[in-house]
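*Asks:* Here is a sequence together with a model predicted from it:
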Amino acid sequence: MAHSDLHQLDAIRDVDHLDELLSEPTPAVIEAMGRLEGDLIVLGASGKMGPTLTWMARRASDEAGVNRRVIGVARFSDPSREAWLKDRGIETVRCDLLDPDQLERLPDVPNVVHMPAFKFGASGDQATAWAVNCFLPGLVCRNFRDSRIVAFSTGNVYPLVPVESGGSLESDPLRPVGDYGMSCVGRERVMEYFSRANDIPMALIRLNYAVEPRYGVLVDIGRKVLAGESIDVSMGHFNTIWQGDANAMTLAAFDRVASPPFILNVTGQETLRVRDVAEQFAARFGRSAVITGTEAPDALLSNAQLSASLFGPPRISTDHLITLIADWLMQEKPLYDKPTRFEVRDGQF
């Protein structure tokens, strides 16, 4: 499959074109998959990011000339997600990961991507949030104690920091706001325990705000501007990254797994201002942005210098993303309709 020039991309034709772009491996991913030994399993392969990340692993392995099984695991409550993966040469296993018996029956493979998380609704169902975000990682680490594990975490483990700070570094203290963020610190602590106790090579990916035209903070802002709805700028600043780049950095992190775990912030390099982004969308839509509130002096921000130094900067700039998303919204193409709730300041999702 020919590689696209993302810098020259002026529009995304349809969902098939989008999925192909989101799963296009970078040279760093192809090299990492070429060096990696053995099969790979993706736990939680049916979420917003799971399908294209899993396909990227398949494509990168093929391009590296490595004959490996790539296995996607989920409950697959939407059977079309399972069919989508199978059509792309990915094996699938249906599994309720919180059931230890089902988890133990999974193929024993040396490379694991751990994606499950419970965020939206966490403030109303704290017990499930803690079970998925803390208890499940312990089960997975025990089950795959002889494997390498790359696990998703989140920037929500950090506190709100001054806007001018440039964002939290991987070495900064974790002081999360709210139950969701606390449970995500729990996930990291549990995984670090097993990494140290069983010498499991591991990487923890602190992602905040992956975006593509069907969902993400840019889509949330763009949809409000297009609908003429007001935009609250109290949480006035944020980071975001093209989901294809987040997929790529996550898979490339197999090159960096270590015990204790290697920690990596994955997000864009810019501190974006909600007001400015809304006005950029407004200019593309030929209308005005309705702004309410006043920017707070702090926000949930991560510093992505390390990921950029290791794997290169994101392939698509924010301005380019806004152009692509604005076109997608104006064409009324499919959306996930899953708001990020990026404007929440009290950690209650």
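*Replies:* Nice, thanks for sending it over.

*Asks:* any idea which helix or strand comes after the helix or strand of the chain with the lowest mean pLDDT?
*Replies:* Here the helix or strand of the chain ranked lowest by mean pLDDT, DSSP states H and E is helix 126-130, holding a mean of 89. Using DSSP states H and E, the helix or strand that follows helix 126-130 in sequence is helix 136-143.

*Asks:* which residue packs closest to residue 270, ignoring adjacent ones?
*Replies:* Leaving aside its sequence neighbours, residue 270 sits nearest to residue 318 (C-beta to C-beta, 6 or more residues apart in numbering; 5.8 Å). C-betas here are computed from N, CA, C, even on glycine.

*Asks:* Isn't that neighbour up against residue 268?
*Replies:* Yes - using C-beta atoms under 8 Å, residue 318 is in contact with residue 268, at 6.4 Å.

*Asks:* And these two? Which one has more around it.
*Replies:* Taking other C-beta atoms under 10 Å, residue 318 and residue 268 do not tie; residue 268 has more neighbours (27 against 21).

*Asks:* wait, what's in contact with the more buried one?
*Replies:* 239, 240, 241, 304, 314, 318 (C-beta atoms under 8 Å, 6 or more residues apart in numbering).

*Asks:* If any of those are buried, put those into a PyMOL selection.
*Replies:* Buried subset of those, written as a PyMOL selection, criterion 16 or more other C-beta atoms under 10 Å:
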select buried, resi 239+240+241+304+314+318
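
*Asks:* Tabulate the contacts of residue 268 (CSV), appending pLDDT and distance to residue 150.
*Replies:* Converted to CSV, the contacts of residue 268 look like this (pLDDT from 0 to 100; distance: C-beta to C-beta, whole Å):
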residue, pLDDT, distance to residue 150
239, 96, 20
240, 96, 21
241, 96, 17
304, 97, 17
314, 91, 19
318, 91, 26
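
*Asks:* Could you export the least confident helix or strand of the chain as PDB, CA atoms only?
*Replies:* Extracted C-alpha coordinates of helix 126-130, given in PDB (Å, rounded to 0.1, in the frame of the first residue of the first chain):
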ATOM      1  CA  GLN A 126     -16.600   5.000  40.400                       C
ATOM      2  CA  ALA A 127     -16.500   1.200  41.200                       C
ATOM      3  CA  THR A 128     -16.400   0.200  37.600                       C
ATOM      4  CA  ALA A 129     -13.800   2.900  36.800                       C
ATOM      5  CA  TRP A 130     -11.500   1.500  39.500                       C
END
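
*Asks:* in that helix, what's buried?
*Replies:* For helix 126-130, the neighbour count (16+ other C-beta under 10 Å) marks 126, 129, 130 as buried.

*Asks:* What helices and strands are in contact with it?
*Replies:* helix 178-198 (3 or more C-beta pairs under 8 Å, 6 or more residues apart in numbering; DSSP states H and E).

*Asks:* hmm, back to that, restricted to strands, list the contacts of residue 268.
*Replies:* residue 241 (DSSP state E).

*Asks:* In TSV: the contacts of residue 268, plus distance to residue 188.
*Replies:* As requested, the contacts of residue 268 are exported to TSV (distance: C-beta to C-beta, whole Å):
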residue	distance to residue 188
239	19
240	22
241	20
304	18
314	24
318	28
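
*Asks:* Taking the contacts of residue 268, tell me the two that lie furthest apart.
*Replies:* Among these, the pair separated by the greatest distance (C-beta to C-beta) is 304 and 318, at 12.6 Å.

*Asks:* Distance of residue 257 relative to residue 148?
*Replies:* Look at residue 257 and residue 148: by C-beta to C-beta, to the nearest Å, they are 5 Å apart.

*Asks:* quick revisit: which one of the contacts of residue 268 is nearest to residue 183?
*Replies:* Closest to residue 183 out of the contacts of residue 268 is residue 239 (21.4 Å), distances taken as C-beta to C-beta.

*Asks:* any idea how far the closest one is from residue 215?
*Replies:* Going from residue 239 to residue 215 by C-beta to C-beta gives 16 Å.

*Asks:* give me the number of residues near residue 117?
*Replies:* For residue 117, the neighbour count with other C-beta under 10 Å is 23.

*Asks:* Equivalent analysis for residue 142, please.
*Replies:* 15.

*Asks:* so who does it touch?
*Replies:* By C-beta under 8 Å, 6+ apart, the contact set of residue 142 is residue 194.

*Asks:* Right, I'll call it a day here.
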